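Student: after the sequence you'll find the predicted model.
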Amino acid sequence: MTAMRAFNFSAGPAVMPDAVLAEAAAEMLDWHGSGMGVMEMSHRGKEFGAIHEQALADLRELLAVPKNFKVLFMQGGGLAENAIVPLNLSQGQTADFVVTGSWSQKSLGEARKYCNATEAANTQGNGHTTLVDPAQWRLSNQPAYVHICSNETINGVEYHTLPDLKALGCDAPLVIDFSSHVASRPVDWSRVGLAFGGAQKNLGPAGLTLVVVRDDLLDRALPVCPSAFNYRTVADNDSMFNTPPTYSIYIAGLVFKWLKAQGGIAAVEARNIAKADLLYHAIDNSGLYLNRVAKDCRSRMNVPFYLRNESLNDAFLSGARERGLLQLKGHKSVGGMRASIYNAMPLEGVQALVRYMRDFETQHG
């Protein structure tokens, strides 16, 4: 961390790699001798075409996306995809949702505008602190798809292994909202029909939405689906049916290059595990802090925690800011604290947070 850079624990838009920001700054006025900045380029020009092509290739390599999947760069974020997915996949039939937190609850509510969206399971009764064994899901008879949020940004719950619907006797495609842990670990594409996520947590700045969709699911859109949201239309036009979020794609492309330089997804996952283990260990061995999520499904990316004496919350946040530890306040719907430790958060940032937490506990415990 330089003298001017704090450790940013925001859930999104989130911390970016220093190297990416430095490269973007150096290229702001002139990209590779073109005489233009990327923000000024036509999305149909050869310059941006090269940026787009490289970003797509690097992402496919990083995530090991099979050839029978299309990678789409779209807009609207996860909230928009909550409508775009049922417009494309439901065919007006039943879709099943496993509700494990705030985001999957939003997905269910939005899908009900377009299809018969039903709850296969809901962990609200335990405060969304555990996951339901897929064998206990109440799946519909031949649902159009089954939706999960594989990492709940607000509630701090993560599927460390994706459910195998075929093992449950269900042939429906699995849809995953992987917004807050995409590129933090490998994806078992044999279990996935469609994955979507906003870029503003692990992939780049806000404005870009990633959709990875299996080829056989491209032609199911409802007649009312807008053309710009129709996966087939977007795929056939190489994500350029309408003007794409060009600068966000460019920055994401730099992040993909950075991830490759770190050793790829396997190396990044190992570092993410080390960071999460360090922080959870500090919480679990404290008399002041607690995390309420079951240990077998704790998120590696978003770590919510609480002070047992909540009257100390403001003092904790104020002291954190003084040490350059930013954006630790928990989501308003759940309170407490939250440390989002995405790929770009260095181990040093987590170490600094843990030192502060211990010092604060010594002072106030």
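Tutor: Received the coordinates, thanks.
Student: where along this structure do the strands fall?
Tutor: Under the criterion DSSP state E, the chain contains strands at 7-8, 69-74, 94-99, 116-122, 146-149, 151-152, 157-158, 174-177, 194-198, 209-214, 289-290, 302-307, 325-326, 337-340.
Student: wait, doesn't Gly78 sit right on Ala195?
Tutor: No. Using C-beta atoms under 8 Å, Gly78 makes no contact with Ala195, being 11.3 Å away. No exception for glycine: its C-beta is placed from N, CA and C like everyone else's.
Student: who has more neighbours out of the two?
Tutor: Set side by side, Gly78 and Ala195 show more neighbours around Ala195, with 25 against 22, by other C-beta atoms under 10 Å.
Student: check contacts around the more buried one.
Tutor: 175-178, 182, 187, 210-213 (C-beta atoms under 8 Å, 6 or more residues apart in numbering).
Student: need these in a markdown table with pLDDT and neighbour count, can you?
Tutor: A markdown table is the format used below for the contacts of Ala195 (pLDDT from 0 to 100; neighbours: other C-beta atoms under 10 Å):
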| residue | pLDDT | neighbour count |
| --- | --- | --- |
| Val175 | 98 | 28 |
| Ile176 | 98 | 25 |
| Asp177 | 97 | 27 |
| Phe178 | 97 | 27 |
| Val182 | 98 | 28 |
| Val187 | 98 | 20 |
| Leu210 | 98 | 24 |
| Val211 | 98 | 22 |
| Val212 | 98 | 24 |
| Val213 | 98 | 25 |
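Student: still on that earlier bit, overlap of the contact sets of Gly78 and Ala195?
Tutor: Here Gly78 and Ala195 have Asp177 as joint contacts, going by C-beta under 8 Å, 6+ apart.
Student: ok, back up a step: quick one: which of the contacts of Ala195 is nearest to Gly253?
Tutor: Closest to Gly253 out of these is Leu210 (12.2 Å), distances taken as C-beta to C-beta.
Student: find the residue closest to that closest one in space, skipping its chain neighbours.
Tutor: Leaving aside its sequence neighbours, Leu210 sits nearest to Gly197 (C-beta to C-beta, 6 or more residues apart in numbering; 5.3 Å).
Student: for Val354, see how far away that neighbour is.
Tutor: 28 Å (C-beta to C-beta, to the nearest Å).
Student: quick one: which of the two has more around it?
Tutor: Neighbours per residue (other C-beta under 10 Å) separate Gly197 from Val354, with Gly197 holding more: 27 against 17.
Student: the more buried one touches Ala183, doesn't it?
Tutor: No. Judged on C-beta under 8 Å, Gly197 makes no contact with Ala183 at a distance of 9.1 Å.
Student: what residues do those two have in common as contacts?
Tutor: Residues touching both Gly197 and Ala183 (C-beta under 8 Å, 6+ apart) are Leu203.
Student: which parts of the protein are helices?
Tutor: 18-26, 46-63, 77-89, 102-111, 231-236, 246-261, 264-284, 313-322, 347-364 (DSSP state H).
Student: and Asp216, how many neighbours?
Tutor: Neighbour tally, Asp216, other C-beta under 10 Å: 10.
Student: phi, psi for the closest residue to it other than its chain neighbours please.
Tutor: Counting by C-beta to C-beta, 6+ apart, Asp216 lies nearest to Asn68, which is 7.8 Å off, once chain neighbours are set aside. Backbone geometry at Asn68, expressed as degrees, to the nearest 10, gives phi -90, psi 20.
Student: give the contact list for Asn68.
Tutor: By C-beta under 8 Å, 6+ apart, Asn68 lies in contact with 214-216.
Student: now do it, the pLDDT please.
Tutor: For Asn68, the pLDDT comes out at 98.
Student: and what of the one 4 residues further on?
Tutor: According to the prediction, Leu72 has pLDDT 98.
Student: tally of neighbours for it?
Tutor: The number of residues packed around Leu72, counting by other C-beta under 10 Å, is 20.
Student: may I have the beta-bridge partners of the residue lying closest to it once chain neighbours are set aside?
Tutor: Spatially, and ignoring its direct neighbours in sequence, Leu72 is nearest to Val211 (4.2 Å; C-beta to C-beta, 6+ apart). Under DSSP bridges, the beta-bridge partners of Val211 are Leu72, Phe196.
Student: so where's this protein uncertain?
Tutor: Counting by pLDDT under 70, the chain contains low-confidence ranges at 1-3.
Student: which of the contacts of Ala195 lies closest to Ala228?
Tutor: Val211 (12.6 Å).
Student: do you know how far that closest one is from His331?
Tutor: Separation of Val211 from His331 (C-beta to C-beta) stands at 25 Å.
Student: neighbours of the closest residue to Ile341 other than its chain neighbours, how many?
Tutor: Of all residues not flanking Ile341 in the chain, Lys275 sits nearest, at 5.0 Å (C-beta to C-beta, 6+ apart). By the measure other C-beta under 10 Å, the count of residues near Lys275 is 25.
Student: show me the contacts for Ala121.
Tutor: Counting by C-beta under 8 Å, 6+ apart, Ala121 touches 98-100, 132, 136-138.
Student: now those in TSV, with neighbour count and distance to Ser150?
Tutor: Shown next, in TSV, are the contacts of Ala121 (neighbours: other C-beta atoms under 10 Å; distance: C-beta to C-beta, whole Å):
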residue	neighbour count	distance to Ser150
Val98	25	10
Val99	24	13
Thr100	27	9
Val132	17	14
Gln136	8	18
Trp137	18	15
Arg138	12	20
